[in-house]
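[1] when you get a sec, could you give me coordinates for this:
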Amino acid sequence: MKIDFENAVIEVPGPSGELRRLPFASAEGFREVTKAWLRVGWDTKYVYGFTWLGRPIIQLPDDMIRLQEVIYQIQPDVIIETGIAHGGSLIYSASLCQMIGKGRVVGVDIEIRPKNREAIEAHPLASYITMFEGDSTSQDVVGKVREQIRPGETTIVFLDSCHTADHVMKELEAYGPLVTSGSYIVAMDGIMKDVVGAPRTSPDWDTNNPQTAVDEFLKKHPEFTLEEPAFPFNEGIVTDRVTYWPNAFLKRA
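    Numbers count the residues shown, from 1 in each chain. The predicted structure follows:
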């Protein structure tokens with residue numbers, strides 16, 4: 001790729017090796033630069049530099065804004081999240097619940113480090129959050145999460161714990177039934193497939209990733225479809241998400 005600022009074009013090789021010149025003011029040009037930016041961001045650990053209301057949140061800011069749009073649209077009573085880490089995502093969801101005026105958050109992780117648990121439980125938004133420690137796919141943990149949902153409540157689920165295809169598949173099977181009609185289960189970090197060879201990656205990520213689990217899950221569950229949430233506002237020409245979560249949003253009929 002070559003970025004020609006003087007002429008406002010991006011030069012990239014085409015499918016047959018020909019040179020393609022994409023204007024800056026084009027969705028295609030934006031898409032090519034985004035690919036490079038996401039890869040550079042991965043290599044530099046760009047997402048490891050943000051907090052939300054005092055807690056580290058290891059997510060791409062673009063993804064969190066899009067997630068806010070979905071949460072506001074769905075207006076869930078219960079937000080279920082696997083993968084807690086520092087707790088930033090739990091606090092983020094809890095803050096949205098507070099602003100919307102409804103909802104609470106249930107978080108699960110195989111290990112909740114004492115310092116992180118202490119900080120989350122001491123946070124002003126702690127009353128919105130319930131945490132369970134254990135394997136997110138175990139019957140015991142899934143049962144505890146299910147008990148947090150009252151009859152008739154709307155739920156949405158975010159999967160951000162172990163990202164192997166096998167584990168994500170088990171989570172989709174375990175938490176898919178908890179998703180209400182018209183809502184989503186989101187399999188995060190499918191970018192793994194696109195960064196093989198980069199630092200902190202594994203050669204098997206080309207297949208051992210959340211996108212593989214999503215593909216297999218959809219073959220067996222016609223009640224779910226892969227559906228990109230529409231942008232509720234867009235006066236630009238870009239229609240693709242800038243994301244670490246490609247092919248992540250599964251909507252229940």
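[2] how near is residue 206 to residue 190?
    12 Å (C-beta to C-beta, to the nearest Å). In this view, the C-beta of every residue, glycine as well, is placed from N, C-alpha and C.
[3] tell me which of the two has more neighbours.
    Just comparing residue 206 and residue 190: by other C-beta atoms under 10 Å the higher neighbour count belongs to residue 190, 21 against 14.
[4] show me the contacts for that one.
    Counting by C-beta atoms under 8 Å, 6 or more residues apart in numbering, residue 190 touches 209, 210, 211, 214, 244, 245, 246, 247, 248.
[5] any chance of a markdown table for those, columns pLDDT and neighbour count?
    Output for the contacts of residue 190, formatted as a markdown table (pLDDT from 0 to 100; neighbours: other C-beta atoms under 10 Å):
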| residue | pLDDT | neighbour count |
| --- | --- | --- |
| 209 | 98 | 25 |
| 210 | 98 | 30 |
| 211 | 98 | 22 |
| 214 | 98 | 25 |
| 244 | 98 | 22 |
| 245 | 98 | 24 |
| 246 | 98 | 21 |
| 247 | 97 | 17 |
| 248 | 98 | 24 |
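[6] tell me which of these is nearest to residue 133?
    residue 210 (22.3 Å; C-beta to C-beta).
[7] what's the most distant pair in the contacts of residue 190?
    The most widely separated members of the contacts of residue 190 are 214 and 244, with 14.3 Å between them, by C-beta to C-beta.
[8] now the strands for the stretch 1-150 of the chain?
    For the stretch 1-150 of the chain, applying DSSP state E, counting those that start in this stretch gives strands covering 2-4, 9-13, 19-23, 51-52, 55-56, 78-82, 104-109, 129-133.
[9] quick one, grab the pLDDT at the residue lying closest to residue 90 once chain neighbours are set aside.
    Residue nearest to residue 90 in three dimensions, not counting chain neighbours: residue 107, with 4.8 Å by C-beta to C-beta, 6 or more residues apart in numbering. At residue 107, the pLDDT value in this model is 98.
[10] could you give the bridge partners of residue 107?
    residue 81, residue 131 (DSSP bridges).
[11] how many neighbours does it have?
    With other C-beta under 10 Å as criterion, residue 107 counts 27.
[12] go on, residue 99?
    11.
[13] what's the spacing between it and residue 132?
    Distance from residue 99 to residue 132, by C-beta to C-beta: 25 Å.
[14] do you know how far the residue nearest the centre of the chain is from residue 235?
    Most central in the chain under C-alpha atoms, centre = their mean is residue 188, positioned 3.6 Å from the mean C-alpha point. As judged by C-beta to C-beta, residue 188 and residue 235 stand 28 Å apart.
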